[in-house]
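> Pasting the sequence and the predicted coordinates here, then a few questions.
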Amino acid sequence: MQTDEQRLIARVLDGHAEDYGYFLERYGSEVFALVARLVPRQEDAEELTQDAFVRAFNRLDSFGGRSSFSTWICRIAYNTVLSWQRRRRMTFLSIDDQPQLTDTEVDEALDDEARIGDLRRAIAQLKPDEQTLVTLYYYDSRPLADIAYILDLEPGTIATRLHRIRRKLYLLMKHGNNR
């Protein structure tokens, strides 16, 4: 049995482009929220959200239903942001050679409500893929399987990266968010 969305996709592919408006209305806010967390300016987020929907429209025939439309469009949005950031040659902090930290030390620092502003500034300094992981997992509460599809990674890889990102956030907060 086809879902209503699959029927709408078939109609769009048959030339009823106006039916694509459903997807813009249904998923526009969700995609914009993801993009807005990954780019510094709202104007850029709006433009990149539009670009993602245009790309999705142009690739609609490749939507195979292996994931929800929501997950599929978020993957396109994520890749759109990555392409934009590559063109702008944005640089991000790398702290791979840092001292060993205990999970307890990291958890206590990141769970401190008084440091939420520091945490937001630290998140802004993460690489785009790291920001996306934080956004999808912590803000959007997406399951690891959906995140793995969006980022084209294995769920185990996602869990490992989330663990490393928490440590990186702790270090960014501890050292005053300096690049």
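Arrived safely.
> quick one: the closest residue to residue 147 other than its chain neighbours and residue 130, what's the gap?
Spatial nearest neighbour of residue 147, excluding adjacent residues (Cβ to Cβ, 6 or more residues apart in numbering): residue 136 at 4.8 Å. C-beta coordinates here come from the backbone N, C-alpha and C atoms, glycine included. Between residue 136 and residue 130 the computed distance is 11 Å (Cβ to Cβ, to the nearest Å).
> quick one: residue 13 from residue 127, how far?
Using Cβ to Cβ, we find residue 13 at a distance of 36 Å from residue 127.
> what about those two, which has more around it?
residue 127 (17 against 14; other Cβ atoms under 10 Å).
> close enough to count as contact, residue 42 and residue 36?
Yes: at 6.6 Å, residue 42 and residue 36 qualify as touching, with contact defined as Cβ atoms under 8 Å.
> So the two - more neighbours on which side?
Neighbours per residue, other Cβ under 10 Å: of residue 42 and residue 36, the larger number sits with residue 36, 17 against 11.
> what's that one in contact with, if anything?
Counting by Cβ atoms under 8 Å, 6 or more residues apart in numbering, residue 36 touches 42, 45.
> Local confidence estimate at it?
pLDDT for residue 36: 91.
> Fine by me, thanks again.
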